[in-house]
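> have a look at this fold, sequence not included:
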């Protein structure tokens, strides 16, 4: 069996970690308020969770010699990835809306939501690009695998950001913590994790790893970006401060 494939033999077990991040991170703002959330949120949540299930199933199948099933689920994965991207893009304007109403002071300022319009959108674009590159390199196991793996780095950021801000989201106070402090702590930890994965796979300089780090690092400047009046005006004109759901 290809050595690259063997390197992912236990990948399905490691998928427990992102699942825990998603469940804990989204508990205050989704799972605890599930019945009151709008349909687009459910669509995004279902497609994203479906993708993470797929990311556990696919390495398991291919490392057990089940290439036919791997290809079958891979074709289904194209549909799921599309659902993840377009459902995520459809709810980006809600950040403009929350920014326009002043955010949720004192813990979640308007600048945070305005900044997320850019930083989270770039994560979505990164996810989509990684999927496309994985498809292009479907017959090159080494390239296909690293690009597929990188979708976790891009797709996990919304859950990770919410996890590192868990004290703020669950209490509405955070014990004196600020959003920026949480980002200053959480983003470097995430980058270190990406570097460890890249090092173990001997892919530290691979575009998938480098791009993941760049876009994650940009999350540190979410509030700074959102504070710029010109940026606020631009996204407000493009996306409008209203949403088609009842918040």
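Here it is on my side, so go on. Quantities reported herein were computed from a predicted structural model and do not represent experimental measurements.
> select the longest helix from the chain.
In the chain, assigned by DSSP state H, the helix with the most residues is helix 110-136.
> gap between it and the chain center?
8 Å (CA atoms, centre = their mean, to the nearest Å).
> before we move on, what about stretch 184-191?
For stretch 184-191 - counting by CA atoms, centre = their mean - the centre lies 14 Å from the chain centre.
> next, the buried residues of that stretch.
Within stretch 184-191, the residues that qualify as buried are 186-187, 190-191, counting by 16 or more other CB atoms under 10 Å. Bear in mind the C-beta positions are built from the backbone N, C-alpha and C, glycine included.
> how about the helices in the protein?
Under DSSP H, the chain gives helices at 3-6, 11-14, 16-25, 39-62, 67-91, 93-100, 110-136, 141-155, 157-164, 166-171, 179-200, 207-218, 222-226, 229-239.
> give me the residues contacting stretch 198-207.
7, 146, 149, 195, 209 (CB atoms under 8 Å, 6 or more residues apart in numbering).
> what do you get if the cut-off is 6 Å, keeping everything else the same?
Residues from elsewhere that reach stretch 198-207 (CB atoms under 6 Å, 6 or more residues apart in numbering): 146, 209.
> tell me who's in contact with residue 40.
90-91.
> low-confidence bits of the protein, can you list those?
1-12, 169-176, 241-247 (pLDDT under 70).
> for residue 21, state which of the buried residues of stretch 184-191 is nearest.
Distance ranking of these against residue 21, using CB to CB, places residue 190 first at 9.8 Å.
> from residue 238, how far out is the closest one?
29 Å (CB to CB, to the nearest Å).
> next: residue 167.
33 Å.
> these two: who's more crowded?
More crowded of residue 167 and residue 238, by other CB atoms under 10 Å: residue 167, with 15 against 10.
> okay, the residue most central in space within the chain and residue 123: tell me how far apart.
Central residue of the chain (CA atoms, centre = their mean): residue 155, 2.5 Å from the mean position. From residue 155 across to residue 123, the span is 8 Å (CB to CB).
> same question for residue 228.
On the measure of CB to CB, residue 228 and residue 123 end up 19 Å apart.
> closest to residue 31 out of the helices of the chain?
helix 16-25 (7.2 Å).
> elements contacting that closest one?
helix 157-164 (3 or more CB pairs under 6 Å, 6 or more residues apart in numbering; DSSP states H and E).
> which strands or helices does the helix it packs on pack on?
helix 16-25, helix 179-200.
> repeat that for 10 Å
Applying 3 or more CB pairs under 10 Å, 6 or more residues apart in numbering; DSSP states H and E, one finds that helix 157-164 makes contact with helix 16-25, helix 39-62, helix 110-136, helix 166-171, helix 179-200, helix 207-218.
> tell me the buried residues in the last one?
It stands for helix 207-218. Buried, per 16+ other CB under 10 Å, within helix 207-218: 208-209, 211-213, 215-216, 218.
> how about the residues you listed in CSV, adding distance to residue 118?
Output for the buried residues of helix 207-218, formatted as CSV (distance: CB to CB, whole Å):
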residue, distance to residue 118
208, 21
209, 22
211, 16
212, 17
213, 17
215, 11
216, 14
218, 8
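> residue 95: which of these is nearest?
Of the buried residues of helix 207-218, the one sitting nearest to residue 95 (CB to CB) turns out to be residue 218, at 15.3 Å.
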